[in-house]
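[1] no sequence for this one, just the structure:
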Ligand SMILES: COc1ccc(C[C@@]2(O)NC(=S)NC2=O)c(OC)c1
Ligand SMILES: [Zn+2]
């Protein structure tokens, strides 16, 4: 099964134009999750999310997405359980989205593409001393992927959307007072999990992916504000920040496990 949607790759950002393969890459992300090929694993524990809103620092435009970063010098905001052997500390979250709502997500489910995808990035604070160290190590990172679908306005996301105009340009930053990232997670505990990678260079194969089965709802106006952001800085010719997703990668010799039957 290969999912093709030529339009969605037509105007990709140079970073993603050619599905960059890394020599010897055997566990690259994103992938299509074929529901019927996923294997229920009864030993998978429920994922535990413990985020402290006070660890929220700021939000900034890094030239390929916008990210909200967290203070990660203690285990104040962590996830544990699920497929994970240790505590993983929340470092940042960011999004991927399309120029239109017909596409935008990185992962797909039975070839279904969503308008956007949220990535909550965590690092293994039991085994490593910092995010930068964990980044290059097997099982160094755990990323929760949440699909965004069109529906009702998302109240928690709106707090971030209201601040996006202030970080329109690359390298602009805005302070955030407390933000509870758990408001961006669906209430359903079900997830898929597989071993993968970062989806932009350095494409490190250090990620335990936890993809939530249920999407969260956002409205078109909120996605339109995402699309007002720029890849470019104030001095450069404006390029709208859209289609910042990597093409699907081959599943190779991997099995996707599900936490549900
Ligand atoms: C040098 O360290 C990096 C570099 C890029 C990203 C971003 C990304 O490639 N990774 C995911 S997940 N989505 C992405 O777009 C990163 O995120 C943890 C860490
Ligand atoms: Zn990402």
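    Yep, that arrived. Just so we're clear, the structure is a prediction, and the values are computed from it rather than from any experiment. Ligands and ions are numbered 1, 2, ... in the order given.

[2] So which bits of the stretch 151-261 of the chain are right by ligand 1?
    198-200, 202 (CB under 6 Å from any ligand atom). Backbone N, C-alpha and C define where each C-beta goes, glycine included.

[3] Let's see the PyMOL selection covering just the buried ones among those residues.
    Selection of the buried residues among those in PyMOL, burial being defined by 16 or more other CB atoms under 10 Å:
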select buried, resi 198+199+200
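
[4] Find the pair from the residues of the stretch 151-261 of the chain next to ligand 1 with maximum spatial separation.
    199 and 202 (10.9 Å; CB to CB).

[5] Which of the residues of the stretch 151-261 of the chain next to ligand 1 sits closest to residue 146?
    Distances from residue 146 to these, taken by CB to CB, are shortest for residue 199, at 14.7 Å.

[6] shouldn't the closest one be in contact with residue 246?
    Yes: between residue 199 and residue 246 there is a contact under CB atoms under 8 Å: 4.3 Å.

[7] anything in contact with each of these two?
    Shared contacts of residue 199 and residue 246 (CB atoms under 8 Å, 6 or more residues apart in numbering): 29-30, 106.

[8] Please tell me I have it right and residue 204 contacts residue 198.
    Yes: the pair residue 204 and residue 198 passes the contact test of CB under 8 Å, sitting 5.1 Å apart.

[9] Mutual contacts of those two, please.
    Counting by CB under 8 Å, 6+ apart, the residues touching both residue 204 and residue 198 are 135, 141.

[10] What ranges in the stretch 1-150 of the chain fall below the confidence cut-off?
    By pLDDT under 70, the weakly predicted segments of the stretch 1-150 of the chain are 1, 5-12, 16-21, 23.

[11] Please repeat the previous calculation with a cut-off of 80.
    1-24 (pLDDT under 80).

[12] Close to ligand 1: what parts of it are there?
    Counting by CB under 6 Å from any ligand atom, the residues of the stretch 1-150 of the chain near ligand 1 are 119, 121, 135, 143.

[13] and with 5 Å instead?
    Residues of the stretch 1-150 of the chain lying close to ligand 1 by CB under 5 Å from any ligand atom are 119, 121, 143.

[14] Could you export those residues as TSV, including neighbour count, secondary structure and distance to residue 86?
    Formatted as TSV, these follow (neighbours: other CB atoms under 10 Å; DSSP: H, G, I helix; E, B strand; the rest coil; distance: CB to CB, whole Å):
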residue	neighbour count	secondary structure	distance to residue 86
119	22	strand	20
121	22	strand	15
143	24	strand	15
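
[15] mind checking the SS state of residue 222?
    helix (DSSP: H, G, I helix; E, B strand; the rest coil).

[16] which helix of the protein spans the most residues?
    Secondary structure assigned by DSSP state H gives helix 155-163 as the longest helix of the chain.

[17] what about the helix or strand following that one, average pLDDT?
    On the C-terminal side of helix 155-163, the nearest following helix or strand under DSSP states H and E is strand 173-175. Taken as a whole, strand 173-175 has a mean pLDDT of 98.

[18] Report the distance from strand 173-175 to the chain centre.
    20 Å (CA atoms, centre = their mean, to the nearest Å).

[19] Check stretch 102-120 too.
    On CA atoms, centre = their mean, the centre of stretch 102-120 falls 10 Å from that of its chain.

[20] next one: stretch 37-56
    For stretch 37-56, the distance to the chain centre is 15 Å (CA atoms, centre = their mean).

[21] Quick one: end-to-end distance for that stretch.
    38 Å (CA to CA, to the nearest Å).

[22] List of residues touching that stretch?
    68, 70-72, 76-84, 90, 144, 176-182, 185, 189, 191-193, 210, 255-261.

[23] Could you tell me which of those residues belong to strands?
    Here DSSP state E is the test, and the contacts of stretch 37-56 give 68, 70, 78-81, 90, 144, 191-193, 210, 257-258 as lying in strands.

[24] Just the buried subset of the contacts of stretch 37-56, please.
    68, 70, 72, 76-80, 82-84, 90, 144, 176, 179, 181, 185, 191-193, 210, 256-259.
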